[in-house]
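A.B. asks: The following block contains a protein sequence and its predicted model.
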Amino acid sequence: MAAQEEAGAALLRRFRRAFRGEAEAGRERLLPLEGPRLIGEALRSGARLEAVVFSATGAARFAAKLRPQLSKHAEVAVAADAAFRAAMDVETPQGVAALARWPAASLAEMLPDSPQAPLLVAAALQDPGNLGTLIRAADAFGATGVLSLAESVAPFHPKAIRASAGSLFHLPVAEKIAEAALIEACRRRDVAIIAAGARGKTPLPAADLRRPLCLVIGQEAGGVPRALQRAAATTLAIPMRREIESLNAGVAGAIILYEAMRQRGAS
């Protein structure tokens, strides 16, 4: 019993480090997942679960269904409810969490020689919840992938993973891409850069979003970085009935992605 408790305590320490963003970087990331829905999406998408921990209450609810789906190499432990809660990154954890291996995409994979964009680009976004919402919208409205620039919050941040509601596992996601590298890749592949902005030159209904493009969403306060604005074919403005300073980045991105899907004839 003591050995089992020590194993569970060691596993919870790994979860604490992962939720603090201390999981190792590299092409294949170690992602902390909390709750059966997110873990289920990861499994359905082919992610490899390296470790799973249940609370005592969660084990009674989820273990019988989840255990048969796990690799024989996955580390599994059960922790006391209080210890489990203390290790998680949410106020009311659902009783099961996992560490999943998942690869980050490269810029070359995101922009092949014959791109089928739209590709969503997060530039200087600092709110992981906004980025997770954008990943979810990109998945829903048919973007080919999501690319996060070097100055943006990581798409593999625990809060971004939760906000994506599993969409992170449905399409390629790249991180820490340099602005200059993206601009050059788009130029060589004839992909238009389109920047969203509160003072954009082109109203969204008048924009042609049917060609291969990178849609750049910036932070609400500072907008899209200047280098990307200069490289953009145009800047988009979303018509609004009332004058407000700006929309939430996640909302603005979702509206534009929907319009791109509508123009491309998707039902």
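C.D. replies: Ah, there it is.
A.B. asks: switch to C-alpha atoms for all contacts and neighbour counts from now on
C.D. replies: OK.
A.B. asks: Tell me which stretches of the protein form strands.
C.D. replies: Ranges of strands within the chain are 28-34, 48-55, 75-79, 96-103, 119-123, 145-149, 173-177, 192-196, 202-203, 213-218, 234-237, based on DSSP state E.
A.B. asks: Run the chain-centre distance for the shortest one.
C.D. replies: Distance, stretch centre to chain centre, for strand 202-203: 27 Å (Cα atoms, centre = their mean, to the nearest Å).
A.B. asks: What of the first one?
C.D. replies: In terms of Cα atoms, centre = their mean, the centre of strand 28-34 is set 12 Å apart from its chain centre.
A.B. asks: start the count at 48, not 1, going forward
C.D. replies: Got it, first residue is 48 now, which makes that one strand 75-81.
A.B. asks: Could you export the strands of the chain to CSV, including columns for distance to residue 212?
C.D. replies: Putting the strands of the chain into CSV (distance: least, Cα to Cα, whole Å) gives the following:
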stretch, distance to residue 212
strand 75-81, 10
strand 95-102, 17
strand 122-126, 23
strand 143-150, 14
strand 166-170, 17
strand 192-196, 15
strand 220-224, 14
strand 239-243, 24
strand 249-250, 30
strand 260-265, 20
strand 281-284, 27
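A.B. asks: Let me have these in CSV, extended by mean neighbour count, distance to residue 111 and mean pLDDT.
C.D. replies: Output for these, formatted as CSV (neighbours: other Cα atoms under 10 Å; distance: least, Cα to Cα, whole Å; pLDDT from 0 to 100):
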stretch, mean neighbour count, distance to residue 111, mean pLDDT
strand 75-81, 23, 17, 87
strand 95-102, 23, 11, 93
strand 122-126, 21, 13, 91
strand 143-150, 22, 12, 93
strand 166-170, 27, 39, 97
strand 192-196, 26, 35, 96
strand 220-224, 21, 32, 95
strand 239-243, 25, 47, 95
strand 249-250, 15, 53, 94
strand 260-265, 25, 43, 96
strand 281-284, 21, 50, 94
